[in-house]
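J.: Need a 3D model of the sequence below.
(one chain, ligands or ions: 2)
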Amino acid sequence: MDGSPVAVMIYFQGVSKSFGRHRVLDELDLHIERGKITFIIGKSGEGKSVTIKHIMGLLKPDKGRIIVDGSDIAEFSRDEARSYRRHFGMLFQHAALFDSMTVLDNILFPLREHTMMSTKDMLVRADEVMEQTGVRQLRGQFPGELSTGEKKRVGLARALVAKPSVLLYDEPTTGMDPLISEMIDQLIVEVSQKETGITSIVISHDLKAAMATSDQIVFLYKGKAALSGPPDDFRQSQDPVIRQFFAGKVEGPMEFL
Ligand SMILES: Nc1ncnc2c1ncn2[C@@H]1O[C@H](COP(=O)(O)OP(=O)(O)O)[C@@H](O)[C@H]1O
Ligand SMILES: [Mg+2]
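T.: Ligands and ions are numbered 1, 2, ... in the order given. A predicted model of the protein is given here:
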């Protein structure tokens, strides 16, 4: 998944997914560009996490195809699927650190689990990502001793340590205070700039953050991409649903549950 010159990395072609009678994705088409920051936005329950799970191969479409670097990921063998997933780093909404491990051990965990690196090389790499995310001084502490923002940084260091090609952030700022949210948005940009070639996908319902941070935005609405393109396309869009989302208004064509 590295180094391919093709700009588009991930394609959804007519992807549908239902749970029981509830159709979450409805012939969804989208594309995600390599090396860029793409925000997938939409209100709660609109299928953002379901979309990410499809990208990672954790859910399979009922219909349609997901093409990554030219391959239909539904056709992967078990081994191919396993190695495919290793290309992803994931930062969850709650950093999901292991409470009984120090910061350093949390960050080393993916390397110990999935690589044959020497301890020395692991420590060098851990040091790099701790430097990058500004958590080096926390290395000996336990998650319980950290602030919310610090936990996020450590979670990001752990997501980065195995050099993923794609970094997925699922609602990284939801429930965070504005200062921490801004810090996380800045980190997303910094990481994207420093880890050359890394593709960042951020799930969010924060349109403002998307406008400030992304190269491309995919707006999910009723199982489809109602609009996708650079922030300027959103600024200029006259689509009433997008205008309503922008204005944060309850009244309008879009129903808030
Ligand atoms: N494994 C599942 N089984 C049944 N329903 C699911 C499952 N995963 C998601 N859903 C439903 O799909 C819809 C979209 O979920 P999700 O992608 O998590 O929304 P969000 O956009 O908030 O991330 C929700 O109605 C949710 O209840
Ligand atoms: Mg979600």
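J.: which residue ranges form the helices in the stretch 101-250 of the chain?
T.: 103-114, 119-133, 148-160, 178-194, 207-213, 231-236, 240-247 (DSSP state H, counting those that start in this stretch).
J.: So for ligand 2, which of those helices sits nearest?
T.: Each of the helices of the stretch 101-250 of the chain has some distance to ligand 2 by Cβ to the ion; the shortest is helix 207-213, at 14.8 Å. (Each C-beta comes from the backbone N, C-alpha and C, glycine too.)
J.: Show me what that closest one is packed against.
T.: Of the remaining helices and strands, those touching helix 207-213 by 3 or more Cβ pairs under 8 Å, 6 or more residues apart in numbering; DSSP states H and E are strand 37-41, helix 178-194, strand 199-204, helix 231-236.
J.: Identify the bridge partners of the nearest residue in space to Pro230 that is not next to it in sequence.
T.: Leaving aside its sequence neighbours, Pro230 sits nearest to Gln216 (Cβ to Cβ, 6 or more residues apart in numbering; 5.9 Å). As for beta bridges, Gln216 partners with Thr38 under DSSP bridges.
J.: Please work out which residue of the chain is closest to ligand 2.
T.: Closest point on the chain to ligand 2, by Cβ to the ion, is Ser49, at 3.3 Å.
J.: Now do the SS call for Ile10.
T.: strand (DSSP: H, G, I helix; E, B strand; the rest coil).
J.: List the contacts of it.
T.: Neighbouring residues of Ile10 by Cβ atoms under 8 Å, 6 or more residues apart in numbering: 30-32, 55, 66-68, 199.
J.: cool, and Phe142?
T.: Per Cβ under 8 Å, 6+ apart, neighbours of Phe142: 99-103.
J.: Most neighbours out of these, which is it?
T.: Of the contacts of Phe142, Val103 is surrounded by the most neighbours, 27 neighbours in total, counting by other Cβ atoms under 10 Å.
J.: Looks like that one contacts Gln137 (just checking).
T.: No: between Val103 and Gln137 there is no contact under Cβ atoms under 8 Å: 9.5 Å.
J.: follow-up on the earlier one: if you average pLDDT over each of the helices of the stretch 101-250 of the chain, which is lowest?
T.: Ranked on mean pLDDT, the bottom entry among those is helix 240-247, at a mean of 83.
J.: Thr119 and ligand 1, how far apart?
T.: Between Thr119 and ligand 1 the computed distance is 38 Å (Cβ to the nearest ligand atom, to the nearest Å).
J.: so how many other residues sit close to that residue?
T.: With other Cβ under 10 Å as criterion, Thr119 counts 10.
J.: ok, now the one 5 residues further on?
T.: Using other Cβ under 10 Å, Val124 has 11 neighbouring residues.
J.: Contacts only, for Phe234.
T.: Per Cβ under 8 Å, 6+ apart, neighbours of Phe234: 207, 210-211, 217, 219, 227, 242, 246.
J.: ok, now with 6 Å
T.: Ile217 (Cβ atoms under 6 Å, 6 or more residues apart in numbering).
J.: before we move on, the earlier item: distance to ligand 2 added to the helices and strands packed on helix 207-213, as CSV?
T.: Conversion of the helices and strands packed on helix 207-213 to CSV gives the following (distance: least, Cβ to the ion, whole Å):
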stretch, distance to ligand 2
strand 37-41, 10
helix 178-194, 16
strand 199-204, 6
helix 231-236, 20
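J.: Residue numbers of this structure in contact with ligand 2?
T.: 48-49 (Cβ under 5 Å from the ion).
J.: Show me which residues of the chain sit near ligand 1.
T.: For the chain, the residues found near ligand 1 under the criterion Cβ under 6 Å from any ligand atom are 19, 24, 42, 44-50.
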